[in-house]
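K.L.:
Pasting the sequence and the predicted coordinates here, then a few questions.
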Amino acid sequence: MSLLDHLSEHHLLVKYNTKNEMEKETRDEGNIRKEDQRNTVKGLKENWQKWANNHSEYQKHNPFSNNRTVTVQFQKGEEGYGRPREGSRTQQSGHSAHAHLEKEVDELCMIIKSIGEAGGDGQTRVAFGPLFERYVAISNKLVGILLRARKHGRISFEGEMLWQRRDDDVIITLLE
């Protein structure tokens, strides 16, 4: 018997007064492990069943599912027409995108204030060319953000679309 084996055996004797105590603890640990496994398997089964029920309910309304039983179709003008299902990931993604675009419009307005010139009426104006040169380092979506800002009444400019070089002299007015 090596010294390591002897020390291990001595440690066991110090920890347990008798061999029966050691065997009893081993049995108790085994029973606890089996009980944990049952609870875990039961929990997994319940979670799986819950997911399966939710998915089955979702598939009833999915227009691309073969298992479709309930057809929910909105008519134009009804509440919910053209909108994602309440609480869906699509709705969450839409809210996130909307917030991101609002942030970009706010940044654009701040840049217009910083590089634009205040007019006699108190509104800030900037030409498209200098704005494009300054903003292109921040984002490559300037025209799209300008269109969105105009749609929401935060800026104004002449024309439907602005093109680099051709429309460099078009004045963009900040309405805030």
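P.N.:
In hand now; what should we look at?

K.L.:
Gly116 - how many residues pack around it?
P.N.:
Neighbouring residues of Gly116 were enumerated by other C-beta atoms under 10 Å; the total is 20. To be clear about C-beta, it is placed using only N, CA and C from the backbone, and glycine gets the same treatment.

K.L.:
Pull the contacting residues for it.
P.N.:
Contacts for Gly116 were tallied using C-beta atoms under 8 Å, 6 or more residues apart in numbering; they are Thr124, Arg125, Val126, Ile172, Leu174.

K.L.:
Can I get the residues you listed in CSV including pLDDT and secondary structure?
P.N.:
Compiled in CSV, the contacts of Gly116 are given as follows (pLDDT from 0 to 100; DSSP: H, G, I helix; E, B strand; the rest coil):
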residue, pLDDT, secondary structure
Thr124, 93, strand
Arg125, 95, strand
Val126, 95, strand
Ile172, 94, strand
Leu174, 93, strand
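
K.L.:
how about the helix or strand where Leu101 lies: buried residues?
P.N.:
Per DSSP states H and E: Leu101 is located in helix 89-115. Buried residues in helix 89-115, counted by 16 or more other C-beta atoms under 10 Å: Leu101, Glu104, Val105, Leu108, Cys109, Ile111, Ile112.

K.L.:
ok, those residues vs Lys45, which is closest?
P.N.:
Ranked by distance to Lys45 (C-beta to C-beta), these are led by Leu101 at 43.6 Å.

K.L.:
Can you check the pLDDT for that closest one?
P.N.:
Leu101 is assigned a pLDDT of 93 by the prediction.

K.L.:
my guess is it meets Arg148, correct?
P.N.:
Yes: Leu101 is within contact range of Arg148, at 6.2 Å (criterion: C-beta atoms under 8 Å).
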